[in-house]
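S.K.: quick one: sequence plus predicted model below, questions after.
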Amino acid sequence: MKNPLGFHACIFDFDGILVDSEVVLVKLWKEIAAEYRYQFEISDFFPCLGRTAGDIKQIQLDKFGEDYPFDAIFQKVQDEFRKIIRDEGLPLVPGVLELRTFLEESHIRMAVASSTYRKEVLFRMERAGIAHLFSTVLGGDDIQHPKPAPDIFLKSAQVLQVDPGECLVLEDSQSGVLAAKAAGMHVVVVQNLSPVSDVMRETADAIYPSHTALLDSLKKTGLPFQL
């Protein structure tokens, strides 16, 4: 059945697009870095969005110097974050469930594509109460080259059995936007914690302040570009 939206698959980034995890992570990084006498600001978190642990390590070593105890801080952040998720769950980004329902009713295939390892993504999805809503989930361990390389999005299209040019990607990070465009896909930025960089503005097909705004556009006028 042909859908009126012009695209046949929608690929969701995870952190910041499906679950509102980034505020919690920033707080943990600030608190735990302070225990080691390092001042971690919210602006130090933005370059880490959508990146692998290896990338984040290099970014932070470049920022704080070779003596920065990244491994110890990173492990403690992960342990505390998992404890919070286990005890309290994870809040969803406002409007994302309504958007997903609309896409399902419009016969759009969907996938989740995250730089985080798939086992961890599935754990977080379960604690957020959305594990049953997505049958296709890919993590950073499912591909060889992480974002901003296109691998994870090309793999998602392959699993969904759609052409990359028929996919719409929802992202909130610069690395994710670049990866989606490198895969030959259309990409929409849904704003969350981090500011939209100049590169994102130049590269993304559209930018929306929320999932609700994107949903309103899809219902009323469609996307502001031709797929």
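M.R.: Cool, the structure landed.

S.K.: list the buried residues of stretch 67-86.
M.R.: 68, 70, 73, 74, 76, 77, 80, 81, 84, 85 (16 or more other C-beta atoms under 10 Å). The way it works is simple: take the backbone N, C-alpha and C, and place the C-beta from them, glycine included.

S.K.: one more: stretch 161-168?
M.R.: Buried, per 16+ other C-beta under 10 Å, within stretch 161-168: 162, 164, 166, 167, 168.

S.K.: repeat for stretch 132-146
M.R.: Buried, per 16+ other C-beta under 10 Å, within stretch 132-146: 133, 134, 137, 138, 139, 140, 142, 143, 146.

S.K.: now the second one, nearest residue through space, not along the chain?
M.R.: Right, the one you point to is residue 134. Excluding the flanking residues, the one nearest residue 134 by C-beta to C-beta, 6 or more residues apart in numbering is residue 112, at 5.1 Å.

S.K.: which of the buried residues of stretch 161-168 lies closest to residue 129?
M.R.: residue 168 (24.1 Å; C-beta to C-beta).

S.K.: the closest one: what secondary structure?
M.R.: strand (DSSP: H, G, I helix; E, B strand; the rest coil).

S.K.: was I right to think it contacts residue 189?
M.R.: No. Assessed by C-beta atoms under 8 Å, residue 168 is found out of contact with residue 189, at 11.8 Å.

S.K.: any low-confidence regions in this protein?
M.R.: 1-3, 226-227 (pLDDT under 70).

S.K.: could you rerun that using 50?
M.R.: 1 (pLDDT under 50).

S.K.: walk me through the domains of it.
M.R.: Split into domains by automatic domain parsing, the chain comes to 9-20+92-220, 22-88.

S.K.: could you single out the most deeply buried of those domains?
M.R.: Of all these, domain 9-20+92-220 has the most neighbours on average by mean count of other C-beta atoms under 10 Å, namely a mean of 19.

S.K.: what is the end-to-end distance of it?
M.R.: 19 Å (C-alpha to C-alpha, to the nearest Å).

S.K.: in the protein, which spans are strands?
M.R.: 9-12, 109-113, 137-138, 167-171, 186-190, 206-208 (DSSP state E).
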